[in-house]
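Colleague: coordinates only, no sequence provided:
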């Protein structure tokens, strides 16, 4: 089982992501957080394997938060979630230490495959972003 900590400040989006997560038989929702401060407190206690981290959070953006999380838990696998254009943020997220980048609008189809891939030790970027890369 892969333990996932869901970090999203918008209740409606968090509810939608939660619904997707609980349908997977190999994923357990280990907890939820709405702010940067909250995730920094909850991640070590949740014993999560993967953090789904919104790129925009109250109290510190996703990049700031990810750096602190990786200091606390270097083995932690982070998938950055964003509603921002992939071309602008995906590379920045991966360079900063995320092992996955997922646009929120593609989450219904890609969330569980992304979690499974990063839990196995791989990296995940959405196919739509991969298509933007030069050959």
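Modeller: Now that the structure is in, tell me what you want to look at. Nothing here was measured: the structure is a model prediction, and the numbers come from that model.

Colleague: if we ignore the residues flanking it in sequence, what's nearest residue 125?
Modeller: What sits nearest to residue 125 in space, not counting adjacent residues and going by CB to CB, 6 or more residues apart in numbering, is residue 101, at 5.1 Å. In short, each C-beta sits where N, CA and C put it, glycine included.

Colleague: also residue 70?
Modeller: Nearest residue to residue 70 in three dimensions, chain neighbours excluded: residue 97, at 5.3 Å (CB to CB, 6+ apart).

Colleague: quick one: residues contacting the one you found.
Modeller: 66-67, 70, 78 (CB atoms under 8 Å, 6 or more residues apart in numbering).

Colleague: partner residues bridging the most centrally placed residue in the chain?
Modeller: The centre of the chain sits closest to residue 52, judged by CA atoms, centre = their mean, with a distance of 2.3 Å. Bridge pairing for residue 52 (DSSP bridges) gives the partners residue 6, residue 79.

Colleague: ok so, going back, looking at the contacts of residue 97, which one is closest to residue 2?
Modeller: Among the contacts of residue 97, residue 78 lies closest to residue 2 (CB to CB), at 13.4 Å.

Colleague: now the residue nearest to residue 70. Its backbone dihedrals?
Modeller: Taking degrees, to the nearest 10, you get phi 130, psi -10 for the backbone angles of residue 97.

Colleague: again, but for the one 3 residues further on
Modeller: When quoted as degrees, to the nearest 10, the phi and psi of residue 100 stand at phi -160, psi 150.

Colleague: can I assume it is in contact with residue 81?
Modeller: No - counting by CB atoms under 8 Å, residue 100 stays clear of residue 81, with 9.1 Å between them.

Colleague: contacting residues around residue 124?
Modeller: Here residue 124 is in contact with 79, 99-102, 110, 113-114, 117-118 (CB under 8 Å, 6+ apart).

Colleague: can you give me the strands for this structure?
Modeller: Assigned by DSSP state E, the strands in the chain fall at 2-7, 27-33, 50-54, 77-82, 100-103, 124-125.

Colleague: good, wrapping up.
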